[in-house]
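1. how would this look folded up:
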Amino acid sequence: MPNKIIIKNLQGLKASKIVSSMNSEDLEKVAERFSVSITPSLVKYLKKNPGSALFSQYVPSPDELNIKNDELQDPIGDDPHTPVKGITHRYPDRLLLKPIHTCAVYCRFCFRRDKVGRADQALNSEETRKALEYISENKQVWEVILSGGDPLVMSPAKISKIFSELEKIEHVKVIRIHTRVPLVSPEKINSTLLNSLKTNKALFLVLHCNSHEEITEEVSASLRLISDSGIPLLSQSVLLKDVNDDSVLLEKLFRKLVENRVKPYYLHHADKAEGTSHFRTSIAEGREYMESLRGDVSGICLPQYVLDIPGGKGKVPIGPTYLENFGEAYHVKDWKGCEHIYKD
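-> Numbering: from 1, shown residues only. Got it, this is the predicted structure:
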C-alpha cells in the first residue's frame with residue numbers, strides 16, 4: 001500500500017476534483033509504484049485551468065502502469081557512476097551532489113522516478129561528509145551540480161551549510177542548482193532562501209520548465225527575485241507529447257523564458273523511464289521542431305536538443321544538421337532551407 005504521505009496527497013487531489021475521472025484504486029496502484037505529490041499553488045492553478053498542459057505533467061495516470069520492454073528503472077545510468085552515496089560522477093570535471101531525494105512535486109515522466117520521493121534516502125550528516133570528502137579529494141572536479149530530488153526543498157540552513165563546505169574546496173569553481181521550486185512553490189523564493197545561496201563561486205540556477213503556462217505572474221515574480229539577487233538563470237525542458245510537442249508551443253515556452261531572464265539551455269528527448277511511453281515523441285519530430293524554430297526566433301531562445309544515451313553514456317546533441325561534406329566542399333543549408341556551397 002502507498003505510504004501515509006502519498007495517500008494524503010491522493011486524497012488532496014481527489015478533494016480538489018482535479019482527478020475526479022480517475023478512481024481511487026487506479027490512483028493507489030500508480031502511487032504504490034511511483035511517488036505522487038502536488039503543491040497547493042498547483043492545485044489552485046489546475047482548478048482554474050483544468051485543460052492546462054500542467055495537468056499531465058503532475059497528475060498521475062493509469063498509463064504509467066503500462067511499462068514497455070525497453071523502459072528502464074535507471075534510464076540514464078546513474079547507478080554505475082555512484083562512487084559514494086549522494087554522488088553521481090559521470091564526466092571528469094563535474095558531478096552531481098544529491099543531498100535529498102524528495103521534491104515539491106513529482107513529474108510523471110521523471111527519469112529518477114524509481115528513486116525520488118524516498119525521504120529515508122536523504123543524506124545524513126556522516127553521508128554528507130563522505131560525499132563532500134569525495135569532491136574534495138577529486139581535484140579535477142570543477143563544477144558541482146546540486147540535484148536529487150530538488151535541493152531547494154531543503155531548509156535554508158541546510159543549503160547554507162552545504163554551500164559553506166563547497167566554498168572551502170578550492171578546485172570547485174562552479175555550483176549549479178537544478179530545481180522546480182520557483183515554478184511550483186514560488187512563495188518559497190524569499191530573502192531567507194536567497195541568502196542561503198550566497199557564494200564566492202560562480203552560481204547558476206537551472207529551472208526545469210516545459211510549458212509557457214507554467215510561468216504565471218507569481219512565478220515571474222519569483223524569477224525576478226532570483227535574477228535581481230545576481231544569480232544567472234538557465235532552463236532545461238523535456239520534449240513531451242501533448243505538452244509541448246509543437247514548434248509553436250516550444251516557441252512560446254522559449255520566448256517566455258527569455259522574457260523572464262532565463263536562457264534556454266537544454267531540450268531533453270524524453271528518457272525511457274518506466275511507465276512513460278505516453279509522453280515520448282520521436283527524435284525525428286524533435287529535430288523538425290528545432291529546425292522550424294531556427295531563424296524565426298532569436299538564437300538566445302534556442303536550447304540544445306539532447307539525448308541522454310541509456311546506460312550512463314552521457315548526453316549528445318541530436319538537433320538538425322545544416323552542414324554536409326561532399327569532397328572538397330560543404331553543402332550548407334540556411335534557415336530558410338536553401339542550400340549553399342562552402343569551401344574551406
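2. and P310, what does it touch?
-> 72, 75-77, 271-272 (Cβ atoms under 8 Å, 6 or more residues apart in numbering). All C-beta atoms are positioned from the backbone trio N, CA, C, and that covers glycine.
3. and if we set it to 6 Å?
-> P310 makes contact with P75 under the criterion Cβ atoms under 6 Å, 6 or more residues apart in numbering.
4. from V30, how far off is it?
-> 23 Å (Cβ to Cβ, to the nearest Å).
5. just give me the neighbour total for the nearest residue in space to C209 that is not next to it in sequence.
-> Nearest residue to C209, sequence neighbours excluded (Cβ to Cβ, 6 or more residues apart in numbering): S235, at 5.3 Å. Number of residues near S235 (other Cβ atoms under 10 Å) recorded here: 22.
6. host element of S235?
-> Using DSSP states H and E, S235 falls within strand 233-239.
7. helix or strand right after that strand?
-> Using DSSP H and E, the first helix or strand after strand 233-239 is helix 247-259.
8. got the angle for that next one vs strand 233-239?
-> 170 degrees (axes from the mean of the first three to the mean of the last three Cα atoms, to 10 degrees).
9. show me what stretch 115-123 is in contact with.
-> 35, 86, 99-103, 106, 149.
10. give me the neighbour count for Y342.
-> The burial count for Y342: 9, using other Cβ under 10 Å.
11. quick one: residues contacting the nearest residue to D70 once chain neighbours are set aside.
-> With Cβ to Cβ, 6+ apart as the measure, K272 is the residue that lies nearest to D70, at 5.9 Å, once sequence neighbours are left out. Contact analysis of K272 by Cβ under 6 Å, 6+ apart lists 70-72, 75.
12. try T88
-> Contacts of T88 (Cβ under 6 Å, 6+ apart): 78, 81-82, 96.
13. just give the nearest non-adjacent residue to it, would you?
-> That would be L96: by Cβ to Cβ, 6+ apart, it lies 4.0 Å from T88.
14. burial count for that neighbour?
-> So L96, with other Cβ under 10 Å, has 20 neighbours.
15. and it, how far is that from I159?
-> Distance of L96 to I159, given as Cβ to Cβ: 16 Å.
16. same question for I67.
-> I67 is 35 Å from I159, by Cβ to Cβ.
17. can you check R255 too?
-> 31 Å.
18. how about P317?
-> 32 Å.
19. the more surrounded of the two?
-> Using other Cβ under 10 Å, the more surrounded residue of P317 and I159 is I159, with 20 against 10.
20. retrieve the pLDDT associated with the nearest residue to the more buried one once chain neighbours are set aside.
-> Leaving aside its chain neighbours, I159 sits nearest to S196 (4.3 Å; criterion: Cβ to Cβ, 6+ apart). In this model, S196 is scored at 97, pLDDT.
21. show me what contacts L225?
-> Here L225 is in contact with I189 (Cβ under 6 Å, 6+ apart).
22. report the secondary structure state of it.
-> helix (DSSP: H, G, I helix; E, B strand; the rest coil).
23. need the pLDDT of the nearest residue to R94 once chain neighbours are set aside.
-> The shortest distance from R94 to any non-neighbouring residue, by Cβ to Cβ, 6+ apart, is to E143 (3.9 Å). For E143, the model assigns a pLDDT of 98.
24. run a quick neighbour tally on E143.
-> 16.
25. work out for me the element the residue nearest to T88 sits within.
-> Going by DSSP H and E, L96 is part of strand 94-97.
26. what residues does that strand touch?
-> By Cβ under 6 Å, 6+ apart, the residues outside strand 94-97 that reach it are 87-89, 141, 143-147.
27. quick one: which of these is most hemmed in?
-> The contacts of strand 94-97, ranked by neighbours (other Cβ under 10 Å): first place L146, 27 neighbours.
28. pairing partners for that residue in the sheet, please.
-> L97, I177 (DSSP bridges).
29. that one and V316: what is the separation?
-> L146 is 24 Å from V316, by Cβ to Cβ.
30. same question for A273.
-> For A273, the distance to V316 - Cβ to Cβ - is 18 Å.
31. who has more neighbours, those two?
-> Neighbours per residue, other Cβ under 10 Å: of A273 and V316, the larger number sits with A273, 26 against 10.
32. please name the residues that touch that one.
-> Here A273 is in contact with 75, 111, 113 (criterion: Cβ under 6 Å, 6+ apart).
33. 10 Å - rerun?
-> A273 is in contact with 34, 64, 67, 71-76, 107-114, 279-280, counting by Cβ atoms under 10 Å, 6 or more residues apart in numbering.
34. filter those residues to the buried ones?
-> Among these, those scoring as buried are 34, 64, 71-72, 74-76, 107-114, 279-280 (criterion: 16 or more other Cβ atoms under 10 Å).
35. tell me the SS of R90?
-> R90 - assigned by three-state DSSP - is strand.
36. could you find the closest non-adjacent residue to L42?
-> V184 (5.6 Å).
37. gap between the residue nearest to C209 and I318?
-> 18 Å.
38. my read is that V105 contacts S185, right?
-> Yes - using Cβ atoms under 10 Å, V105 and S185 qualify as a contacting pair, with a distance of 8.4 Å.
39. now do the shared contacts for those two.
-> What both V105 and S185 touch, as defined by Cβ under 10 Å, 6+ apart, is the set 39, 41-42, 150, 153.
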